[in-house]
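1. need a 3D model of the sequence below.
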Amino acid sequence: MSSDYNNPAFKKLLQRLQEESWQLELIISGFAIFGLFTALEPLSDAASIAQSKQQLVKAIVLFIAVISCGILLFNLLLHVILRGLWIGTLGLRYVSGDIDYDSLKYSEKFTKYLKKRVGSFDKYVATLENYCSIIFAISFLLIFYVLALTFTFLSIALIATQIIENEHLPETFRSILGASLIIFIIFGMILTFIDFITQGWLKKKKWISKFYFPIYWVFSFITLSFLYRPLVYNFLDNKFGRRLSFVLLPVYFTILVLSSFQYKPSNYFDGVSHSSEISASRLSYQDMLGDSEHIDEFAISSKVITTPYINVFMELTDNIEDNIFNFKPDLEPENDKRGLRSNIIVKSESNWSSKREDQNKYLEVLNQVYSVRIDSTDYDGEFILSENKQKDIGFETFVSIKDLEEGKHLLKVLRKRIKKGDTVRHSVCRIPFWYFKD
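-> Numbers count the residues shown, from 1 in each chain. The predicted model follows:
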């Protein structure tokens, strides 16, 4: 079929498909809007959780998905509204035909003005059709623009982590190479953006185009523009499409600014973002968590404790493991297996005994590094590997509080660290609770 694109029969087929594409547009828009509304909230929650857990790669992927969902929702809803209006105009045209200005019997001044400004009803129908078709197509093009921007920044991050911070390379070499590549990426990003805003001005000037072409070629791979380039140039060679695409950019910016507004009830408090001596976040109490909510690294069983013991849960994160490695460098493996890894791994039975021994050493150091304090009293507790009801993997312990007085108390999780050769302890979380005996 691709070899027959110049065939008159194929062109007739395309023409027929173009005329009937509005039906497919509405079907796709309807299913897409339903799916996007369903996915938007879970994706937002997952992105926030990944950010709080410092899972950088996962957080970036999810935030891109949230932004893409927002763009598609706005565009597709606008498309459905305009397409509905277009269908209504077709029905009205079938009943009433074109606008008969003479039958309105307006004055000559108004009749001339309306004929000039309003014009033919068929022109209005055609304009609506153009808006609908272009908005539907540009919805998916904008997603590619978001991905292009993301991949550009990821390229800078990869250069920083894989070249500049790569200790396997000579320091001078990696610094010069990394800095040169980052400068090239930033400079190329600025030129590419200027070329985009000016609708290809850099490509039009003969002497600039020779200089810009290598940058354009490199960025076509970084931004994956070779996948959607025909769509871009089809927009650029159409005055109506260019105008509409630039109108949508300030609209998105306006929506972003308007969505940032929120009502503040106090001059001193903006909300409960974390637990401390004067605040209690629900993310610090496991019985207050919703189905899609997760703890903020540390949590206890409840805000009001009526049992002679208290449960303390500490989520396993990269940050906690880094703290253990900093305290006991011998535990840090040569090959760090954290991050995105495939589960398709053949495990050898002979490694289980050594792995269990390493796990015991890990927990031993963990209990040396982390301890529990209530008010000013230190309590003995032994953290073990566990899982809470939200299926978060971490460490938990139970602390006896049967001799604690009734009322408000403050639980702290303390962390040991080596600073200038001395071992010091400092608080990494503060969670208030109330204790009342049954």
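2. would you mind writing the CA trace of the helix or strand encompassing residue 213 as PDB?
-> Residue 213 belongs to helix 206-222 when assigned by DSSP states H and E. Extracted in PDB, the C-alpha atoms of helix 206-222 (Å, rounded to 0.1, in the frame of the first residue of the first chain):
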ATOM      1  CA  LYS A 206      21.300  30.000   3.900                       C
ATOM      2  CA  TRP A 207      24.400  30.600   6.000                       C
ATOM      3  CA  ILE A 208      22.600  29.800   9.300                       C
ATOM      4  CA  SER A 209      21.000  26.700   7.900                       C
ATOM      5  CA  LYS A 210      24.500  25.200   7.200                       C
ATOM      6  CA  PHE A 211      25.500  25.700  10.800                       C
ATOM      7  CA  TYR A 212      22.100  24.600  12.200                       C
ATOM      8  CA  PHE A 213      21.800  21.400  10.100                       C
ATOM      9  CA  PRO A 214      24.100  19.200  12.300                       C
ATOM     10  CA  ILE A 215      22.300  20.400  15.400                       C
ATOM     11  CA  TYR A 216      18.900  19.700  13.800                       C
ATOM     12  CA  TRP A 217      20.100  16.200  12.800                       C
ATOM     13  CA  VAL A 218      21.300  15.300  16.300                       C
ATOM     14  CA  PHE A 219      18.200  16.700  18.000                       C
ATOM     15  CA  SER A 220      15.900  14.800  15.600                       C
ATOM     16  CA  PHE A 221      17.100  11.600  17.400                       C
ATOM     17  CA  ILE A 222      17.200  13.100  20.900                       C
END
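3. which element follows it toward the C-terminus?
-> Using DSSP H and E, the helix or strand that follows helix 206-222 in sequence is helix 229-236.
4. extract the CA atoms of the following helix or strand past that following helix and return them as CSV.
-> Using DSSP H and E, the next helix or strand after helix 229-236 towards the C-terminus is helix 239-259. In CSV, the C-alpha atoms belonging to helix 239-259 read as follows (Å, rounded to 0.1, in the frame of the first residue of the first chain):
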residue,chain,number,x,y,z
LYS,A,239,-1.7,29.0,7.8
PHE,A,240,-4.8,27.9,9.7
GLY,A,241,-2.9,25.1,11.5
ARG,A,242,0.0,27.4,12.4
ARG,A,243,-2.4,30.0,13.9
LEU,A,244,-4.3,27.5,15.9
SER,A,245,-1.2,25.7,17.3
PHE,A,246,0.1,29.0,18.6
VAL,A,247,-3.2,30.0,20.1
LEU,A,248,-3.3,26.8,22.1
LEU,A,249,0.1,27.5,23.8
PRO,A,250,-1.0,30.6,25.8
VAL,A,251,-4.3,28.7,26.6
TYR,A,252,-2.3,25.9,28.2
PHE,A,253,-0.2,28.4,30.1
THR,A,254,-3.4,30.2,31.3
ILE,A,255,-4.9,27.0,32.5
LEU,A,256,-1.7,26.1,34.4
VAL,A,257,-1.7,29.5,36.1
LEU,A,258,-5.4,29.3,37.0
SER,A,259,-5.0,25.8,38.4
